[in-house]
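Trainee: I'll drop the sequence and a predicted model, then ask my questions.
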Amino acid sequence: MTLKVGLLVGREWSFPPAFIEEVNRRKAGVTAEYVKLGGTRMDEPNPYAVIVDRISHEVPYYRSYLKNAALQGVAVVNNPFMWTADDKFFEASLATKLGVASPKTIALPNKDYVPGIIHNESLRNLVYPLDWEGILDYIGLPCVLKDAHGGGWRDVYICYTKEDVWRAYDESGLLTMILQEFIEWDHYVRCMCLGQKEVLPMKYSPGERKYYIEHAHLSPELGQRIVEDALKLNRALGYDMNTAEFAVRDGVPYAIDFMNPAPDMDVNSLTPFYFDWVVKHMADMVIDLAQNPRPQLTELKWAGLF
């Protein structure tokens, strides 16, 4: 019997066809195709052994479908129930809990709230005004103010003074922001992490949003530490598809951002060399998951992850 892999995608143009072609080319008893949906009945059988999710964070119906698919025994990459962990304050706390170096981080109350929130009634648990002196004494300057639930470097502010922090915070509106120690790095690394066992550390420039193909950009010791830290973080989260970023300062890799469960896989971003690696290893992973099912529902017991 042929096993099926389904792909849920958005506006991507390079990764989806290359991935589908790679899986089907291998003739391993596993075929890949785009998922087609037109309404989902509860408890209906699902035709896929594996579904790769690249877009449900932007399409709520897809998330509902994927949770139902997981209940039917489908291996969903990434587990749709684990997306609740996608929070940069939890991210920093988790790294610290696991012994991975991470910048000092504080979660801040929102600047603004939705209509219906009456400040002197609905927000009685909040201290006002905030102790900005204490907060900045802990974090230090410069620092980074960013959306706790954002991505793609949106709503990220590098602040050099207290006034910079106030100005950016006042513009944050309904977003929940975190304030984070700024790591002035000597070297920056973005790792593509697949299947909780494959890690590709790539030299990356956040300012240019560009990868550099330099295979010897890390010493053996630093490279091993980054790979081990990336695996530790991904296994704790249960992510099979992710990128983990490390800012290296004085030989120490600080985990900056490692909750990217639908990472950029475009050929123009990754470069053709790294794109080919991603396509082939994604195919390896989904074929293995289809042929060797992993009971994903057991991962829902959070305590076991940590």
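Mentor: The structure has been received and is ready for your questions. Given the structure is predicted, the values throughout are model-derived calculations rather than measurements.
Trainee: Distance check, the closest residue to Leu231 other than its chain neighbours against Arg225.
Mentor: Take Leu231 and drop its neighbours on the chain: the residue closest to it by CB to CB, 6 or more residues apart in numbering is Val199, 6.2 Å away. Yep, even glycine has a C-beta here, placed from its N, CA and C like the rest. Distance, Val199 to Arg225, by CB to CB, to the nearest Å: 11 Å.
Trainee: Arg190 is in contact with the residue nearest to Leu231, correct?
Mentor: No. If you go by CB atoms under 8 Å, Val199 and Arg190 don't touch, sitting 10.9 Å apart.
Trainee: Counting neighbours, go ahead and name the busier of the two.
Mentor: Set Val199 next to Arg190 and count neighbours by other CB atoms under 10 Å: Arg190 wins out with 25 against 20.
Trainee: what's the closest non-adjacent residue to Ala244?
Mentor: Ala244 sits nearest to Phe258 (CB to CB, 6+ apart), 3.7 Å away.
Trainee: neighbours of the one you found, just the number please.
Mentor: Here the number of neighbours of Phe258 (other CB under 10 Å) works out to 29.
Trainee: And for Leu200?
Mentor: Using other CB under 10 Å: Leu200 sits among 17 other residues.
Trainee: Quickly list what it is bridged to.
Mentor: On the basis of DSSP bridges, Leu200 is bridged to Met192.
Trainee: Am I right that it is in contact with Arg190?
Mentor: No. Leu200 is not in contact with Arg190 according to CB under 8 Å; the separation is 9.2 Å.
Trainee: what's in contact with stretch 118-132?
Mentor: Stretch 118-132 is touched from outside by Leu108, Pro109, Tyr113, Gly116, Ile117, Lys162, Val165, Trp166, with contacts defined as CB atoms under 8 Å, 6 or more residues apart in numbering.
Trainee: and with 6 Å instead?
Mentor: Residues outside stretch 118-132 that contact it (CB atoms under 6 Å, 6 or more residues apart in numbering) are Pro109.
Trainee: Can you give me the end-to-end span of that stretch?
Mentor: 23 Å (CA to CA, to the nearest Å).
Trainee: State whether Leu94 is indeed within a helix.
Mentor: Yes. When DSSP: H, G, I helix; E, B strand; the rest coil is applied, Leu94 is found to be in a helix.
Trainee: Nearest residue to it in space, please, no chain neighbours.
Mentor: Excluding the flanking residues, the one nearest Leu94 by CB to CB, 6+ apart is Ala236, at 6.3 Å.
Trainee: From Arg11, how far off is the one you found?
Mentor: Distance from Ala236 to Arg11, by CB to CB: 30 Å.
Trainee: of the two, who's got more company?
Mentor: For Ala236 versus Arg11, the count of surrounding residues by other CB under 10 Å is larger for Ala236: 19 against 8.
Trainee: Could you verify that the more buried one is part of a helix?
Mentor: Yes. Applying three-state DSSP, one finds Ala236 inside a helix.
Trainee: how near is it to Glu12?
Mentor: Counting by CB to CB, the gap from Ala236 to Glu12 is 27 Å.
Trainee: now do Pro45
Mentor: Counting by CB to CB - Pro45 and Glu12 are separated by 28 Å.
Trainee: Just want to know which of those two has more residues nearby.
Mentor: Applying other CB under 10 Å to Pro45 and Glu12 shows that Glu12 carries more neighbours, namely 17 against 7.
Trainee: can you list contacts of the biggest helix by length in the chain?
Mentor: If you go by DSSP state H, the chain has its longest helix at helix 267-291. The set of residues external to helix 267-291 that reach it, using CB under 6 Å, 6+ apart, is 3, 5, 14, 18-19, 22-23, 28, 30, 49-50, 75, 192, 194-195, 198, 200, 211, 213, 265.
Trainee: Among the residues you listed, name the buried ones.
Mentor: With burial judged by 16 or more other CB atoms under 10 Å, the buried subset of the contacts of helix 267-291 is 3, 5, 14, 18-19, 22-23, 28, 30, 49-50, 75, 192, 194-195, 198, 200, 211, 265.
Trainee: I'd like to know which of the residues you listed are part of helices.
Mentor: If you go by DSSP H, those have Ala18, Phe19, Glu22, Val23 in helices.
Trainee: now Glu163: how far from Asp170?
Mentor: From Glu163 to Asp170 the distance is 11 Å (CB to CB).
Trainee: cool, Glu12 as well?
Mentor: Separation of Glu12 from Asp170 (CB to CB) stands at 36 Å.
Trainee: Contact partners for Gln196?
Mentor: Contacts of Gln196 (CB under 6 Å, 6+ apart): Asn234, Arg235, Asp240.
Trainee: Apply 8 Å and report the result again.
Mentor: The contact partners of Gln196, by CB under 8 Å, 6+ apart, come to Leu231, Asn234, Arg235, Gly238, Tyr239, Asp240.
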